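**Student:** Pasting a predicted model and its sequence here:
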Amino acid sequence: MAAHRCSRSALLLVLCSLCLFSIAESQETTPAGDHRATGVDNPQSVTGSTEQMAEQPTVVEEEEEEEEDRRWEATRDEVETENTSAPDTSAPTFEVHSSVPKPKDDFQEELVIRPLHSGDIYASFQFRTLWETDFTTGNKVSHYRLFPKSLGQVISKFSVRELHISFTQGYWRTMQWGQPFLPSPPGAELWVWFQDSVTDVDETWKELTNVLSGIFCASLNFIDSTNTVQPSASFKPLGIGNVTDHRFLRYATLPREIVCTENLTPWKKLLPCGSKAGLAVLLKSEKLFHSSFHSQAVHIRPVCKDWQCKTKSWELRQTLNVVFDLHTPGQGKQEWSLFKMFSRTLTEACPLASSSKIYVDITDDPQGEQFEVSPATHLLSQAMVLGDRRTFSLYDLTQQITFGTVRSLNLHIRWKSSEGDMLRPLLHAERYVAGYGLQTGEIHTLMYNNHPYRGFPVLLMDSVPWYLRLYIHTLTVTSKGKDNKPSYIHYQPSKDRVRPHLLEMLVQLPPNSVTEVTVQFERALLKWTEYTPDPNHGFYVGSSVISSLVPSIVAMDTNSTREQPLFSSFFPCKEESSYFMRVYTEPLLVNLPTPDFSMPYNVICLTCTVVAVGYGSLYNLLTRSFQIEEPSPGLAKRLANIIRRMRGVPPL
Amino acid sequence: MGLLSDPNRRRALIGLLTRLNAPICVVCYMAGVAWFMGLAFEPFTLRTYMSENAMGSTMVEERFPAGERALATGREFAAHKKKTGGMPVDWLVKTMQSRGLEVFTQRFSRRLPFPDEDKERYMVKGTNVYGILRAPRAPRTEALVLSAPCTAGDHNNQAVGLLLGLAQYFRNQVYWAKDIIFLVNEHDLIGMQAWLEGYHHTNTTGMDWSPLQGRGGSIQAALSLELSSDVVTSLDLVLEGLNGQLPNLDLANLFYAFCQKIGVLCTTQGKLQRNDWDSVSGYSHAVQTMMLMAMKQASGRPWGDHGLFLRYHIEAATIKGINSFRQYKTDATTVGRLLEGMYRKLNNLLERLHQSYFFYLMSSLSHFVSIGYYMPAFGLLGVILLLRALDLWVQLASPPPRTEDGVVDAEQVSSPGVLSVLTPLVISHLTGAALYTLPIHFQEMAVEHFPVSETEAVVLTAIAVYTAGLALPHNTNRVLSAFVLVVLSPACTLLFSVFFFQELQEMPVSFLDGWMLYLSVISQGILDHALYGSLVYPLVALLVYPCWLLFWNILFWK
């Protein structure tokens, strides 16, 4: 994940500094300070990019704009500097914490809006709270300002080093939407790195899930040993720290979890401004859940405070991704506005936020023909996102001028969508259950590498519940019709009712190929109390996780279809050459053999009858004494005997 | 037990059973037939009712407006079909894409074991086109299927048009919780077989297909649509699938409920329900409907494109539009609204359809006979076999042998006779095996030596092997019994069934036509086995025929 932050030198060179920075979540363990250092170390690349921009203004900007009017926005770290150095910007009004000399915590909010290839629109909120404090080493933290107290207490009580939790409703359609900024599997996903001081990790994990279940109003308390795994390679810490002993890692998914307003409300309460001010006013559940995809997440990790990494601070990142369906048949032109999407407009930034911005992705519109963004903005910004260089229009909500005379910001976009044809993302995956009948089956996982000439390795992680008994000897990995031997396999067999299967593999995907991983399984017959209330719905198997360093699109462009200076384009730049990506497959719904649950009644009736009749007759046979019976006397004799008995004479 | 432990009473009982064996058997037989016939009498049967709660009480409102536009799409489809001389793949892909679906195609090819003269095909190559409507905020775990076959000629264009119209309408609705797959399959059942095998990645019949690119998780239910006219008088529901499998009765109930609600005439087995159950003609109408259903199930072949879904535990049915000379017409908008309502209710399902019956017979769409009611009839027929066997056993050993020891002794005593019994047994079963394997394998040889086509060769080889089996014994002095046995042989039963079936369908045929139909039924039976895995042909060839041959042997025992 080449997150670039190079601005300081550029700021000195030109009036408007050029910067490349990342919108996307850093997926790797590189702390933010490192990027800054790279930026400072390589001023040439920045100059090169500046020249490149100057040479072809049409690529990123509207033509009628004059060169001098253009201002390239600095990184968010330099917002204050930028404001003071640029004379034509109005002074920020919402500098609430400017009176405080050096606050130890800091809050930033931003919203990225990207019109998608399919004509839908993708909105990604990120709220970041940084706090320079120490939850660990036993000192009690009692004064909370921006950081939510509930989460702070969780961190200190359970000695959490890193916590990532996501709630997702829907499946990200890679073929139509491209890559998300933050991937997440359908349902709930939770993975936690504990401090190495924790002695009983399983017990702590259990308590933690119960506490989180309360905080987020979700069924996380259903996480137990039967769906928790310890991946050996797929989930590395994203914050600072070098402990990678996976004994302190726990990973669990609940693919069945339904995400709705009761999860959104506690999530919004964690924000410093709540949903009262800033970007969070847009988070109205009746609109957010009227969408094609909804995902909300909380990531807590330790990061470096400065670039020397002398002090550690905690980062809380709350993200919310939502895709709105704007399908209007028959017309290629799509129209969108903030009000249409969220039924709110923006009037102010969160007063507590040090930065509050909206980015609109206008990369797919080099000529300005397809897009019309209004109100127009002069601020542009560039960033490397998932191996692709993207251009964004930027709206800074901390500046009053953004809201214009009506004192409210309602972004309008009109664009032409190229609906229909599907994308070919470099890496995507799908999974399904093959076969029929309720005895056996086969799980197929297909991984597509659409890179034309470069293969790359991927880490595949599968966690399968115990009631699907994997036949691991049937595991096959084939690509292009040939056997593809994984270079690393970590398999932990399941134990019935105790733990799931865990299968991790490092597979090399050849260029332009489909790699198919198949493994057969047998469906277990559960005990009758173990069935869910709706057993005929089926049982869920969580998504597989595919983690990979994918060669970037920019690096792929060696033929240099776009014009750029020759000196900048021979060796692919290292930071750009590949980026980290995580892909989740769809969860599976598997039917298990299900008894007819009215059957116990029938069975009880039947067995009782059989026992009564069978046992009764057998008992009769065993206890009866057999003796030869004399042939019964005739009618006349019997009558005579009756008469004789009445007379008191012995019978004949 | 008390009865059996008393030797006197046991003797009396056995005596009764042996003495009155024939009358009891006749009574049982009559009772069985009478019971079965009584099932069609309306007061004896149950009304259908919706068992599934998720589909029962929930209200849906049907609003599909665009029937005319769907028909126009159907005409456009017909024009493109004519132009390309087959499936207009590109046009379908483009149309489905413009309706906002994820579109995928699947190519398949299959060489039939011998040419199918009914449908005029041998080397089959085709393409299935399907579009997936992704449900918002659903994780691709469940799907519903709506399919329409792309048949040659002028058929089913309206079905494809309506399918595309529904796709367009469904795309703009927000309530979907399951993905909906719109499938247009070429070469009807063969295409459907290829698609289902591709979807579930199995290969049971040796078909070549390209793997599917897009899926929607586990399919919960499917409907197949056949419409060949702009307006219909009634809709016919076809339930019988491969090997006589039936979908859950709730699917039929759902169809019936919506027909009632929207006011569309609905039929099953092509027979409209009648209200005069107390009259003779009304009763015979119900009997005909039920007999047709039983016979269609016995044939083991899928009676619509839905039939192949049932193997994969997917509840499916075919809805056929029928246009007759009645005055009352239903337009495409109404049919679309009916389908919309059905899909909205299926969309509400929380579990697979499992609440209602899987084994049933229907005497009309509103009345059904469950397995608990029709099994006694078969039980009464089955008990005859038991009685006859008991009779023979008693006669065989006048002092009845005691339990297992006696049986072992008897075998040891008659051990030289085992070989003589074994020979006809083995020969009969070998003949059965020959009947199963030879027709397809010897077709080339037959075509070389005789002036027949491949299909005729297969059928005639089957008949030849069959009759060759009869020639095994040489003693022919019981002409009458032989005649009766021949009349009761599987082949003759099949021939009578063909005529009976035509009679039930109110389409009687002349003897010659019937004979041609009979030959084509044999070839279709063999094809069904080869293409879809129908079990009727192997069952007849490997089990019923050898058993009958043994009877034949017994009759001419020297």
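**Tutor:** Nice, thanks for sending it over. Numbering: from 1, shown residues only, chains lettered A, B, ... in the order given.

**Student:** Who is residue A:412 paired with across the strands?
**Tutor:** On the basis of DSSP bridges, residue A:412 is bridged to residue A:337, residue A:374.

**Student:** quick one: it from chain B, how far?
**Tutor:** According to Cβ to the nearest Cβ, to the nearest Å, residue A:412 stands 23 Å off from chain B. Heads up, the C-betas are built off the backbone N, CA and C, glycines and all.

**Student:** wait, isn't that residue in contact with residue A:334?
**Tutor:** No. Residue A:412 is beyond contact range of residue A:334, at 11.5 Å (criterion: Cβ atoms under 8 Å).

**Student:** which of the two has more neighbours?
**Tutor:** residue A:334 (20 against 14; other Cβ atoms under 10 Å in any protein chain shown).

**Student:** And the more buried one, what's its pLDDT?
**Tutor:** If you check residue A:334, the pLDDT there is 72.

**Student:** Please list all residues in contact with residue B:196.
**Tutor:** The neighbourhood of residue B:196, defined by Cβ atoms under 8 Å, 6 or more residues apart in numbering or on different chains, consists of B:308, B:309, B:311, B:312.

**Student:** Next, count neighbours for residue B:340.
**Tutor:** Residues lying near residue B:340 (other Cβ under 10 Å) number 20.

**Student:** which of the contacts of residue B:196 count as buried?
**Tutor:** Neighbour-count burial within these applies to B:308, B:309, B:311, B:312; the criterion is 16 or more other Cβ atoms under 10 Å in any protein chain shown.

**Student:** Quick check: which element contains the residue nearest to residue B:181 when sequence neighbours are not counted?
**Tutor:** Leaving aside its sequence neighbours, residue B:181 sits nearest to residue B:145 (Cβ to Cβ, 6 or more residues apart in numbering or on different chains; 4.7 Å). Using DSSP states H and E, residue B:145 sits in strand B:142-150.

**Student:** and the angle for the helix or strand just after that strand with strand B:142-150?
**Tutor:** Next in sequence after strand B:142-150, counting helices and strands by DSSP H and E, comes helix B:157-171. With axes from the mean of the first three to the mean of the last three Cα atoms, to 10 degrees defining the directions, helix B:157-171 sits at 150 degrees from strand B:142-150.

**Student:** tell me which strands and helices the next helix-or-strand element following helix B:157-171 is in contact with?
**Tutor:** Counting by DSSP H and E, the next helix or strand C-terminal to helix B:157-171 is strand B:179-186. With contacts taken as 3 or more Cβ pairs under 8 Å, 6 or more residues apart in numbering or on different chains; DSSP states H and E, strand B:179-186 sits against strand B:121-133, strand B:142-150, helix B:157-171, helix B:188-200.

**Student:** tilt between the strand holding residue B:145 and strand B:179-186?
**Tutor:** Using the same axes, to 10 degrees, strand B:142-150 lies at 20 degrees relative to strand B:179-186.

**Student:** Of the buried ones among the contacts of residue B:196, just say which sits nearest to chain A.
**Tutor:** Nearest to chain A out of those is residue B:312 (Cβ to the nearest Cβ; 4.6 Å).

**Student:** Which residue comes closest to the spatially most central residue of chain A once chain neighbours are left out?
**Tutor:** Nearest to the geometric centre of chain A sits residue A:184, at 1.3 Å (Cα atoms, centre = their mean). Excluding its sequence neighbours, the residue lying closest to residue A:184 (Cβ to Cβ, 6+ apart) is residue A:166, at 4.0 Å.

**Student:** Point out the other helices and strands that the helix or strand that contains the one you found packs with.
**Tutor:** Assigned by DSSP H and E, residue A:166 falls within strand A:160-169. Judged by 3+ Cβ pairs under 8 Å, 6+ apart, strand A:160-169 is in contact with helix A:149-158, strand A:187-194, helix A:201-216, strand A:293-304.

**Student:** partner strands of that strand, parallel or antiparallel?
**Tutor:** Strand pairing (DSSP bridges) places strand A:160-169 next to strand A:187-194 (antiparallel), strand A:293-304 (antiparallel).

**Student:** Could you look over those and pick the most buried one?
**Tutor:** Among the strands paired with strand A:160-169, the stretch with the highest mean neighbour count (mean count of other Cβ atoms under 10 Å in any protein chain shown) is strand A:187-194, at a mean of 24.

**Student:** can you list contacts of that one?
**Tutor:** A:158-168, A:201, A:204-205, A:208-209, A:212, A:218-220, A:223, A:235, A:237, A:243, A:248-257, A:259, A:540, A:542, A:587, B:139.

**Student:** The helices and strands packed on strand B:179-186 into CSV, with extra columns for mean pLDDT?
**Tutor:** CSV is the format used below for the helices and strands packed on strand B:179-186 (pLDDT from 0 to 100):
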stretch, mean pLDDT
strand B:121-133, 91
strand B:142-150, 93
helix B:157-171, 92
helix B:188-200, 92
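
**Student:** Can you check which of these gets nearest to residue B:388?
**Tutor:** Closest approach to residue B:388 among the helices and strands packed on strand B:179-186 (Cβ to Cβ): helix B:188-200, 41.3 Å.

**Student:** near chain A, anything from the helix or strand following the closest one?
**Tutor:** Counting by DSSP H and E, the next helix or strand C-terminal to helix B:188-200 is strand B:208-209. No. Against chain A, strand B:208-209 shows no contacts by Cβ under 8 Å from any Cβ of the partner chain, the least distance being 13.3 Å.

**Student:** which helices and strands sit right next to strand B:208-209?
**Tutor:** For strand B:208-209, the packing partners by 3+ Cβ pairs under 8 Å, 6+ apart are strand B:102-116, helix B:188-200.

**Student:** Please list the residues of the stretch 101-250 of chain B that sit near chain A.
**Tutor:** Counting by Cβ under 8 Å from any Cβ, the residues of the stretch 101-250 of chain B near chain A are B:102-103, B:134, B:136-142, B:168, B:171-172, B:174, B:200-202, B:214-215, B:217-218.

**Student:** PyMOL command for the buried members of those residues?
**Tutor:** Buried residues among those (16+ other Cβ under 10 Å), as a PyMOL selection:
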select buried, chain B and resi 102+103+134+136+137+138+139+140+141+142+168+171+200+201+202+214+215+217+218
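
**Student:** what angle do the strand holding residue B:145 and strand B:121-133 make?
**Tutor:** Using the same axes, to 10 degrees: strand B:142-150 against strand B:121-133 is 140 degrees.

**Student:** Excluding sequence neighbours, find me the nearest residue to residue B:180.
**Tutor:** Leaving aside its chain neighbours, residue B:180 sits nearest to residue B:133 (4.4 Å; criterion: Cβ to Cβ, 6+ apart).
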